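Engineer: From the sequence below, what's the structure:
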Amino acid sequence: MKYIIDSASPEEIREAVELGAYGITANPSMYRNNRQAFLPFLESCSSMEPSFLTGEAMGSTLEEVEAEVRKVQEIDPGIIIKLNFSPNALKLCRRLKKRGIKTAVTLIFTVSQAAAAISAGADYLFPFIGRSDEYGLDGLKLIRDIQTMVDRHGYPVSVVAASVKNLRQLEEAAVTGVPYAAIPYALYRKALEHPLTDRGIRDFERDWKAAGQEG
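Structural biologist: Numbering: from 1, shown residues only. Sure thing, here's the model as predicted:
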């Protein structure tokens, strides 16, 4: 499973990319909380040349959303258009598929929503684990069921585990075969840590010095 940094903090994104993050994604709440203007933020992220970068397309009408798509495409035609699940999003997925523009559908909470997005031509699905749990649902089961459906039918779509809140959710999502996880910076760093790793580093550094290898 490849990690995608889920953040609108330039500092967190730069550090995660240096650590090997495969891609970058964010959402409107993150833009607001980090005081990031959307299009300049995308331009900055695009300059890092990540393998995966999403950009929102939002609006009250289909025409407004399409206008936002054009703005994102002007920055970088390789940016994946992220759409909030809705009937209009499905319509736009179908249109953009014909134009060769990749899409990601987010705010997915059921297998039937995932199936609808697949039928419309979405390239990526963002099912939410943590938010599902908060609503009394089983977020990890949702991820497993969607990935099973994709694998069983060989659908040309990738699942991105989203709203991942802790290491247990992250690791259980990984073993289901989900290819990507969108995770916050704090969880990214936590995923790199283990007390036995820290202890091993200290032991090896001590023995390296004792063996006269330094200098």
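
Engineer: how deep is the residue nearest to residue 192 when sequence neighbours are not counted tucked in, by neighbour count?
Structural biologist: Ranked by C-beta to C-beta, 6 or more residues apart in numbering and with sequence neighbours excluded, the top spatial neighbour of residue 192 is residue 19, at 7.4 Å. For glycine as for every other residue, the C-beta is placed from the backbone atoms N, C-alpha and C. Here the number of neighbours of residue 19 (other C-beta atoms under 10 Å) works out to 13.

Engineer: So residue 19 sits against residue 185, correct?
Structural biologist: No: here residue 19 does not reach residue 185: they are 9.8 Å apart, not a contact under C-beta atoms under 8 Å.

Engineer: Same question for the lowest-mean-pLDDT helix or strand in the chain: list its buried residues.
Structural biologist: Every helix and strand in the chain was compared by mean pLDDT, DSSP states H and E; the lowest is helix 130-134, with a mean of 89. By 16 or more other C-beta atoms under 10 Å, the buried positions in helix 130-134 come out as 132-133.

Engineer: Need the three-state assignment for the residue sitting nearest the centre point of the chain.
Structural biologist: Centroid-nearest residue in the chain, with C-alpha atoms, centre = their mean: residue 182, separated by 3.3 Å. Following DSSP: H, G, I helix; E, B strand; the rest coil, we place residue 182 in the strand state.

Engineer: partner residues bridging it?
Structural biologist: Applying DSSP bridges to residue 182 gives these bridge partners: residue 4.

Engineer: for it, what are its contacts?
Structural biologist: 4-6, 25, 126, 160-162, 164 (C-beta atoms under 8 Å, 6 or more residues apart in numbering).

Engineer: For those, pick the one with the most neighbours.
Structural biologist: Neighbour counts for the contacts of residue 182, by other C-beta under 10 Å, peak at residue 161, which reaches 31 neighbours.
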